[in-house]
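Participant: Only the shape, not the letters, is given here:
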């Protein structure tokens, strides 16, 4: 295999890259990294000293590519499938990158802080994080008016980012009743074969998710 993905099946940022790989139909090898295992951590740090997944190893080019958005852009340039996930049109591409960052910074980040609080039993005040998710939902409801996908006419990098971010965030702070556009968008994401494959592969690991009881039955 020309590519190896170093990842974990529960990681939302890894899900983002997996969706892109499946969208492009790229053959790749999977290497699960257990961050509780010192040997695994050392192997990951040998590729990316920061020690965070996902990381792609391109064996043909002898290159390690970290960071989910950068990985997807790399794949888009060198392993493109049916359509690019970052459009050629500059203005549309800018919107795609904007909403990709939105999901990473304003949905993933507060979501992960809430999860970490339960995982490490720190019992912090999570009002700020939960409010941040509600604010993000409100902005998305407005953005998704009369749109099929969040940032461009076609499924894009931003939607790769949206699917896992919204999947996990909605287990912590459900979409408000008035966010009909957002709810419909999430349903479209869940029907995407690439995301369905990611969920199928993550299912055996869901019991390790700190909020496993909040995952809807249809995904278990």
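Facilitator: Cool, got the structure. Everything quoted here is computed from the prediction, not taken from an experiment.

Participant: Backbone dihedrals for residue 124, both of them.
Facilitator: When quoted as degrees, to the nearest 10, the phi and psi of residue 124 stand at phi -80, psi 170.

Participant: Could you find the closest non-adjacent residue to it?
Facilitator: If the residues on either side of it in the chain are set aside, residue 124 comes closest to residue 117, at 5.1 Å by C-beta to C-beta, 6 or more residues apart in numbering. Placement of C-beta: from N, CA and C, glycine included.

Participant: list the buried ones in the helix or strand harbouring the one you found?
Facilitator: Using DSSP states H and E, residue 117 maps to helix 109-119. Neighbour counts over helix 109-119 (16 or more other C-beta atoms under 10 Å) mark 110-115, 117 as buried.

Participant: and residue 58, what does it touch?
Facilitator: Residue 58 makes contact with 2-3, 64-65, 74, 78 under the criterion C-beta atoms under 8 Å, 6 or more residues apart in numbering.

Participant: Are any of those residues buried, and if so which?
Facilitator: Looks like those have 3, 65, 74 buried, using 16+ other C-beta under 10 Å.

Participant: give the contact list for the first one.
Facilitator: With contacts taken as C-beta under 8 Å, 6+ apart, residue 3 has the following neighbours: 26-29, 56-59, 79.

Participant: could you check the distance from residue 209 over to residue 118?
Facilitator: Applying C-beta to C-beta, to the nearest Å, the value for residue 209 to residue 118 is 10 Å.

Participant: just residue 37 next, same as before
Facilitator: 22 Å.

Participant: try residue 34
Facilitator: 20 Å.

Participant: try residue 35
Facilitator: Distance from residue 35 to residue 118, by C-beta to C-beta: 17 Å.

Participant: Check residue 29 too.
Facilitator: 33 Å.

Participant: next one: residue 92
Facilitator: From residue 92 to residue 118 the distance is 38 Å (C-beta to C-beta).

Participant: same thing with residue 20?
Facilitator: Note on residue 20: its distance to residue 118, by C-beta to C-beta, is 29 Å.

Participant: No further questions, thank you.
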